[in-house]
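Student: pasted the sequence and its predicted model underneath.
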Amino acid sequence: MVVQQDLDCVVVTGGAGFIGSHLCERLCESGAKVWCLDNMLTGAADNVAHLASNLDFHLTYCDVTAGIDVPGPVDLVLHLASPASPVDYLRLPVQTLKAGSLGTLHALDLAARKGARFLLASTSEVYGDPLLHPQPEDYWGNVNPVGPRSVYDEAKRFAEALTATYRRGGSVDSVIVRIFNTYGPRMRSHDGRAVPTFIRQALAGEPLTVAGDGLQTRSLCYVDDTVNGILAAAASGHPGPLNIGNPEEMTVLDLARHVRRLTRSNSSIVFVESAVDDPKVRCPDTSLGRDVLDWRPQVPASEGLARTIAWFAGQAAEDARTRAVPSSEAAPGPEDDASVGVDS
Ligand SMILES: NC(=O)c1ccc[n+]([C@@H]2O[C@H](COP(=O)([O-])OP(=O)(O)OC[C@H]3O[C@@H](n4cnc5c(N)ncnc54)[C@H](O)[C@@H]3O)[C@@H](O)[C@H]2O)c1
């Protein structure tokens, strides 16, 4: 499904991150002017370097917790800026709380000033460790408000409350999407999420580390499908919340086996301790998205995983090639990412 929408100018906060970079790419392809705002906390300019030659693409250093502005009219604000993987938000707890609260406040204020539609990238984590399965949008969740994961879960719940309040008050036309586990190219190999971790381990011939007994389930959505869902929600007049995810469910252990098979790896599978408050089940009820957006995921896990593995293998080959070049001739390393091609 390709979403057609006549957009002149779109702001993407967190646009240099994993999902944000795919959104920027798609929006540039559709001819929109794109402001990609990011402070590179967990993103990288490299993720959008291929868009730099497009004169309508603007990568700007911006910490959304400090305030947001861009010149000229804006049709749509896509607010994605926030650490998103457990490794990141547990390492950056205060920044995560600030991104969900202050960052969302500033992004909503920008949308109000510009008369733009606003989309909040919320998360399935608002359902916590769900007691209802699969999770429909009217389920209020089961969240530990003082556990380590609450920095993310509660920040996103606050962001949803803020977005709904601005909408009720009539100042911003908005939609909330609750994104479920998304995977694909440009995930970071050490971001701690299951897909990149298993792929990195399998490609390196290391044991695949499965948390707990591996029987906890996840539903994995390929990034192209998530981007289609986000753009369909933005183009609709619906307020949300809308679940965006793939209802195809698999155990973490099956995922590890799948990755091992697709990479033709001989790695063993070992079991490690689960994280605190790690949800046992996670699967979206996507009937609302199907009905109001006519959206459904198209990419089966075998195909999405194969594309992701090919990308990671390409990155590993590129890294090996860079390491082989004498340091004086080597391309800039990751530590240079934040300064490459970033307007400030
Ligand atoms: N990837 C998933 O499976 C998933 C699932 C549910 C929700 N989401 C949501 O989607 C969004 C994007 O997730 P992602 O997986 O691409 O994560 P990511 O970490 O790759 O991207 C987040 C981006 O936000 C930027 N950022 C963080 N704090 C910022 C700040 N204060 N100011 C400006 N930029 C800031 C980071 O530098 C990064 O580029 C997040 O809001 C996340 O909560 C993602």
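Tutor: Looks like it arrived, so ask away. Residues are numbered from 1 along each chain as shown.

Student: just the helices in this protein please.
Tutor: Here the chain has its helices, by DSSP state H, at 18-29, 86-91, 93-98, 104-114, 150-168, 194-204, 223-235, 252-262, 287-293, 301-324.

Student: the longest one and the ligand in contact?
Tutor: No. With Cβ under 6 Å from any ligand atom as the measure, helix 301-324 is seen stopping short of the ligand, the closest distance being 12.5 Å. (C-beta placed from N, C-alpha, C; glycine too.)

Student: for that helix, what is the average pLDDT?
Tutor: Model confidence over helix 301-324 averages 91 on the pLDDT scale.

Student: tell me which residues touch the nearest residue to residue 106 once chain neighbours are set aside, please.
Tutor: When the adjacent residues along the chain are set aside, residue 106 lies closest to residue 68, with 4.7 Å between them (Cβ to Cβ, 6 or more residues apart in numbering). Residues counted as contacts of residue 68 (Cβ atoms under 8 Å, 6 or more residues apart in numbering) are 11, 13, 37, 62, 106-107, 109-110.

Student: residue 181: which of the helices of the chain is closest?
Tutor: Minimum separation from residue 181 across those (Cβ to Cβ) falls at helix 194-204, 8.0 Å.

Student: in terms of secondary structure, what does that closest one contact?
Tutor: Packing partners of helix 194-204 (3 or more Cβ pairs under 8 Å, 6 or more residues apart in numbering; DSSP states H and E): strand 208-211, helix 252-262, helix 301-324.

Student: for the ligand, what are the nearby residues on the stretch 151-300 of the chain?
Tutor: 179, 181-182.

Student: what do you get if the cut-off is 8 Å, keeping everything else the same?
Tutor: Contacts of the stretch 151-300 of the chain with the ligand, taken as Cβ under 8 Å from any ligand atom, map to 152, 156, 178-183, 186-188, 191, 193, 221, 226.

Student: residue 48 is nearest to which of the helices of the chain?
Tutor: It's helix 18-29; of these, that one is closest to residue 48 (Cβ to Cβ) at 5.1 Å.

Student: how about that closest one as CSV, C-alpha atoms only?
Tutor: Listed next in CSV are the C-alpha coordinates belonging to helix 18-29 (Å, rounded to 0.1, in the frame of the first residue of the first chain):
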residue,chain,number,x,y,z
PHE,A,18,15.6,4.2,12.8
ILE,A,19,11.8,4.7,12.0
GLY,A,20,12.2,8.5,11.5
SER,A,21,14.8,8.0,8.8
HIS,A,22,12.5,5.7,6.8
LEU,A,23,9.7,8.3,7.2
CYS,A,24,12.0,11.1,5.9
GLU,A,25,13.0,9.0,3.0
ARG,A,26,9.4,8.2,2.0
LEU,A,27,8.3,11.9,2.5
CYS,A,28,11.2,13.1,0.3
GLU,A,29,10.2,10.6,-2.4
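
Student: please consider this matter closed, and thank you.
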